[in-house]
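> return a 3D structure for these sequence lines:
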Amino acid sequence: MAKATRSHLLEQLRVQADAVATKRLQELKLSREVVDRLDRRLHAVFQYFDEACRLLGVICPPVERTYVLSDLAKFERLSFETGNVMFRKRRLQDRDIYAFVAIYYQLAGPTPAPLQVPIKRSGDIERALNAANVEFVTDTDSNIRGGATSNLIRIAPGLRCEVRFDPDFESSCVVVSLHNVDRLEPVILDFPTDSLDTGALDDLVNLMLGKQSQFLLRAPLRGFNR
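Predicted structure coming up:
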């Protein structure tokens, strides 16, 4: 009798199932006190920025910072336009806890100058703009000059920015991810739970508005210890 052929799909499913089961077992072993402390901290973060976003949306303060993306785009004379704080919950230890809290906000400003680039460079430039979360539209210029065609990349005014808080139960810290906050590239910090207090959140708002701030010095970068 011929031997049955092994299923690679089933092998992959077994590996994934084992990984999920291991993760669930690890979660059950987590200290309830650690889970409670991190969940309370994320709840406080949500409450803080729920009010902060409403107030900033009324005031629309200027952002005292210029953002530069290589030689492609420059964003200046910006102001806070709108902001929203959102969260998602998950089930852990027979209860619902915060899976993350995220702040999405928009900065308004003048439209950057359009870019006219050779088609062969257009793909690289578009990827750089996408990586920086910069909105744009590409129009093809059909006029042939010197045997080459070019694209016109029109960059949208303003910037989309994000701050996200994720609990790390194993390390008992909050992972804070910044996108287009103080620069056009992501910055990820590990905050010990007790360090993410009201003073730190005040510092974060100042950082978002381009004011003097010590927020980036309050915690180590993700993967580095001080």
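> part of a helix, is T149?
No: T149 is assigned strand when assessed by DSSP: H, G, I helix; E, B strand; the rest coil, not a helix.
> number of nearby residues for it?
Neighbours of T149 under the rule other C-beta atoms under 10 Å: 14. Bear in mind the C-beta positions are built from the backbone N, C-alpha and C, glycine included.
> likewise I59?
10.
> quick check: it vs K23, distance?
Going from I59 to K23 by C-beta to C-beta, to the nearest Å gives 43 Å.
> before we move on, what about T193?
21 Å.
> so R41 sits against L196, correct?
Yes: R41 lies in contact with L196 (C-beta atoms under 8 Å); the separation is 5.8 Å.
> R90: neighbour count?
12.
> partner strands of the helix or strand where it lies, parallel or antiparallel?
Element membership for R90, per DSSP states H and E: strand 78-92. Using DSSP bridges, strand 78-92 pairs in its sheet with strand 62-63 (antiparallel), strand 95-108 (antiparallel).
> in this protein, what helix or strand scores lowest on average pLDDT?
strand 136-145 (a mean of 71; mean pLDDT, DSSP states H and E).
> how does this protein divide up, domain by domain?
24-109+157-226, 113-156 (automatic domain parsing).
> any idea of the mean pLDDT for the longest one?
Right, the one you point to is domain 24-109+157-226. Averaged across domain 24-109+157-226, the pLDDT comes to 91.
> I'd like the strands paired with strand 78-92 as TSV, with distance to S31 and mean neighbour count appended.
Converted to TSV, the strands paired with strand 78-92 look like this (distance: least, C-beta to C-beta, whole Å; neighbours: other C-beta atoms under 10 Å):
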stretch	distance to S31	mean neighbour count
strand 62-63	40	18
strand 95-108	13	18
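> counting neighbours, what do you get for R183?
14.
> buried deepest among the domains of the chain, which one?
Among those, ranked by average contacts under mean count of other C-beta atoms under 10 Å, first place goes to domain 24-109+157-226 (a mean of 16).
> all strands of this structure, in order?
Here the chain has its strands, by DSSP state E, at 62-63, 67-69, 73-75, 78-92, 95-108, 115-118, 136-145, 148-155, 159-168, 173-179, 187-192.
> run through who's touching the shortest one.
Contacts with strand 62-63, where a contact means C-beta atoms under 8 Å, 6 or more residues apart in numbering, come from 77-80, 107, 208-210.
> which pair of those spans the longest distance?
Maximum pairwise distance among these (C-beta to C-beta): 16.3 Å, between R77 and M208.
> tilt between the lengthiest helix in the chain and strand 187-192?
When the chain is parsed with DSSP state H, its longest helix is helix 32-59. With axes from the mean of the first three to the mean of the last three C-alpha atoms, to 10 degrees applied, the angle from helix 32-59 to strand 187-192 works out at 130 degrees.
> now do helix 32-59: which elements does it pack against?
strand 78-92, strand 95-108, strand 159-168, strand 173-179, helix 198-208 (3 or more C-beta pairs under 8 Å, 6 or more residues apart in numbering; DSSP states H and E).
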